[in-house]
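Participant: what follows is a predicted structure for the sequence shown.
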Amino acid sequence: MLTEITGLPDHIFGVRATGEVTSEDIKSVLLTGLKRTADRFKEIRYLLVLETDVKNFTAGAWVQDVKAGLQNFDKWKKIAVVSAEKGVEWFTDVFTIATPGKSKGFKPEEIEEAKAWLNAED
């Protein structure tokens, strides 16, 4: 399931992933929030807090996730992924090469640093 994270600055969109994440979660929560943020701010600063294993994303969810990335390709400013999975953190750091914005992985205890990094102008 994806739920929107509240209490973030308006220009940062965040979601928390728990349990199984489906294509419907991606469509109703992620795509809607990304579009709203991109339309309002002309850029996307995105926080993903993974409290589930990436294996819990269904195949349809992965397809929708790729679609979200491509639809907003030129709008990505910063992506912060918070996860206890070391591979996810490493992948996020490397992902910066493939996107116009910056990506960075954080450990769960670094969530406040992730928020500060997203908020910083650099």
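Facilitator: Nice, I can see it. Numbers count the residues shown, from 1 in each chain.
Participant: please state the offset of the one helix or strand Thr32 maps to from the chain centre?
Facilitator: Thr32 is part of helix 32-41, with elements assigned from DSSP states H and E. Its chain's C-alpha centre and that of helix 32-41 lie 13 Å apart, by CA atoms, centre = their mean, to the nearest Å.
Participant: next, the buried residues of it.
Facilitator: Going by neighbour count (16 or more other CB atoms under 10 Å), the buried part of helix 32-41 is Gly33, Leu34, Lys35, Thr37, Ala38. The C-beta positions use only the backbone N, C-alpha and C, and glycine is treated the same way.
Participant: now swap in stretch 105-122 and tell me
Facilitator: Buried, per 16+ other CB under 10 Å, within stretch 105-122: Gly105, Phe106, Glu110, Ile111, Ala114, Lys115, Trp117, Leu118.
Participant: and Glu43, what does it touch?
Facilitator: Counting by CB atoms under 8 Å, 6 or more residues apart in numbering, Glu43 makes contact with His11, Lys75, Trp76, Lys77.
Participant: just give me the neighbour total for the second one.
Facilitator: Neighbours of Lys75 under the rule other CB atoms under 10 Å: 19.
Participant: my guess is it meets Ala38, correct?
Facilitator: Yes. Lys75 is within contact range of Ala38, at 4.5 Å (criterion: CB atoms under 8 Å).
Participant: same question for stretch 38-46, mean pLDDT?
Facilitator: Mean pLDDT, stretch 38-46: 93.
Participant: ok, now stretch 104-122?
Facilitator: On average, stretch 104-122 scores 93.
Participant: that one: end-to-end distance?
Facilitator: 14 Å (CA to CA, to the nearest Å).
Participant: how far away from the center of its chain is that stretch?
Facilitator: 12 Å.
Participant: what of stretch 41-57?
Facilitator: With CA atoms, centre = their mean, you get 3 Å for stretch 41-57.
Participant: check which residues of it are buried.
Facilitator: Ile44, Arg45, Tyr46, Leu47, Leu48, Val49, Leu50, Thr52, Asn56, Phe57.
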